[in-house]
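Peer 1: Dropping a prediction and its sequence here:
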Amino acid sequence: MTTYTLTDLGWSDHFARQLSEDDAALTPARISEVHRSQLIALSEAGDLRLIPTDSAGAYAVGDWVLTDGTSALRRLDPVTDLHRRAAGHAVGAQRIAANVDTVGLVTSCNADFNVARLERYLALALASNALPLVILTKADLCDDPDSYKRKAERMSPLVTAITVNAKDPEDVKRLTPWCRNAQTLALLGSSGVGKTTLRNALTGETEATQGIREDDAKGRHTTTHRALRPTLAGGWLIDTPGMRELQLSGTSGGLEELFDDIETLAAECKFSNCAHDTEPGCAVKAALENGSLEQARFDRWQKLRREDQYNSETIAAARARQKSFGRVVKEAMSTKSRYKRGYED
Ligand SMILES: Nc1nc2c(ncn2[C@@H]2O[C@H](COP(=O)(O)OP(=O)(O)OP(=O)(O)O)[C@@H](O)[C@H]2O)c(=O)[nH]1
Ligand SMILES: [Zn+2]
């Protein structure tokens, strides 16, 4: 069993500041896997299996918790928090990973490269507070990989892109600046772009790239789950297998950063609630008309903003309903206990 120091695990002042004297007897541990009834965590005392004291959804891989060795007693406020709208019919946000320094948005130098999808991933990465890094795989199969790098970097000044042959471990070493010295890199991307191949090269693991697949009614999916793994370079890697749907929620800050130019124009519109449609004095429409703003980019901004607004509002409304339901239940319980006490008295 490998043991780590807190520094090796990515501990920083941000977490130390959250401790009080009462916490002196507790141990900080970093969550490496989240299961329904158990958390796996790494600590100076080695690997721990912890009982969650909150719902499993409250924890994300990469979170720091304080433990007595048995339970995860308190979750510390993360530095970065990667989340999406939960997939399927459930209404809620789902935490994907926490305390990630860099989100690696993996796409290949081929038809998988899609500006609209990358913008969606970028908005998520920026909203989480982590740095985005576009990792362009299959460079060895492409005649002009640099053209993809240029396309990616043109999306936003906040984007750094790197082309790589994921199958060549020497080439993959160019990613070490993002996953050494206890830095955490998370990989996001569609199926088949090379996330498992990158993970194997960065961690030295040898699990087959096809993973272990299981057939179920919904089709084939990998059975491997999200985990925090040590890299050969002394940092951490979080991979996110099986995430097919990345719906935005609570991402407005990320969209503002990514579409900073449009947001700046929108601030110059005559009406503060301008829909950039038929209003007079619309700076956005003027930019579209004079060609300084690309129509397709404007359309993608509108679409992502609407999706984020809709999901954020739906989730906020569901939370409010849950809260008021909780209040009704609490009131009913206290009435019942008053009644019961009265009856017994
Ligand atoms: N030539 C070449 N092949 C690659 C590269 N990256 C991945 N591949 C191949 O592409 C296929 C898919 O790679 P994976 O690593 O399984 O992709 P993944 O993103 O983990 O896919 P899922 O497990 O479905 O999420 C494998 O056959 C890899 O060998 C690359 O940079 N160059
Ligand atoms: Zn306008």
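Peer 2: Looks like it arrived, so ask away. Ligands and ions are numbered 1, 2, ... in the order given.

Peer 1: From now on I want contacts and neighbour counts done on CA atoms only, so please keep to that.
Peer 2: Fine.

Peer 1: just the strands in the stretch 51-200 of the chain please.
Peer 2: Assigned by DSSP state E, counting those that start in this stretch, the strands in the stretch 51-200 of the chain fall at 64-67, 71-75, 81-85, 93-98, 102-108, 131-137, 160-163, 184-189.

Peer 1: residues in contact with Thr137?
Peer 2: Residues in contact with Thr137, defined by Cα atoms under 8 Å, 6 or more residues apart in numbering, are 106-109, 163-166, 193-194.

Peer 1: before we move on, the earlier item: how about TSV for the strands of the stretch 51-200 of the chain, with distance to ligand 1 and mean pLDDT added?
Peer 2: Putting the strands of the stretch 51-200 of the chain into TSV (distance: least, Cα to the nearest ligand atom, whole Å; pLDDT from 0 to 100) gives the following:
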stretch	distance to ligand 1	mean pLDDT
strand 64-67	26	97
strand 71-75	29	96
strand 81-85	18	87
strand 93-98	15	89
strand 102-108	7	94
strand 131-137	4	96
strand 160-163	9	96
strand 184-189	7	95
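
Peer 1: picking up where we left off before, make TSV out of the contacts of Thr137 and add neighbour count and distance to Ala56.
Peer 2: Shown next, in TSV, are the contacts of Thr137 (neighbours: other Cα atoms under 10 Å; distance: Cα to Cα, whole Å):
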residue	neighbour count	distance to Ala56
Val106	27	27
Thr107	27	30
Ser108	27	33
Cys109	25	37
Thr163	23	36
Val164	24	36
Asn165	19	36
Ala166	27	33
Val193	22	29
Gly194	23	29
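
Peer 1: just to revisit the earlier point, out of the strands of the stretch 51-200 of the chain, which gets nearest to ligand 2?
Peer 2: Ligand 2 lies closest to strand 81-85 among the strands of the stretch 51-200 of the chain, at 28.1 Å (Cα to the ion).

Peer 1: Counting by contacts, list what that closest one packs against.
Peer 2: With contacts taken as 3 or more Cα pairs under 8 Å, 6 or more residues apart in numbering; DSSP states H and E, strand 81-85 sits against strand 93-98, helix 115-128.

Peer 1: Just the buried residues of that strand, please?
Peer 2: For strand 81-85, burial by neighbour count (16 or more other Cα atoms under 10 Å) applies to 81-85.

Peer 1: ok, which residues in the stretch 1-150 of the chain are in contact with ligand 1?
Peer 2: Where the stretch 1-150 of the chain comes near ligand 1, counting by Cα under 6 Å from any ligand atom, the residues are 137-141.

Peer 1: Now the buried members of those residues.
Peer 2: The buried subset of those - by 16+ other Cα under 10 Å - is 137-139.

Peer 1: ok, and the closest non-adjacent residue to the residue nearest the centre of the chain?
Peer 2: Among the residues of the chain, the one closest to the centroid is Leu82, at 2.5 Å (Cα atoms, centre = their mean). Counting by Cα to Cα, 6 or more residues apart in numbering, Leu82 lies nearest to Ser128, which is 4.7 Å off, once chain neighbours are set aside.
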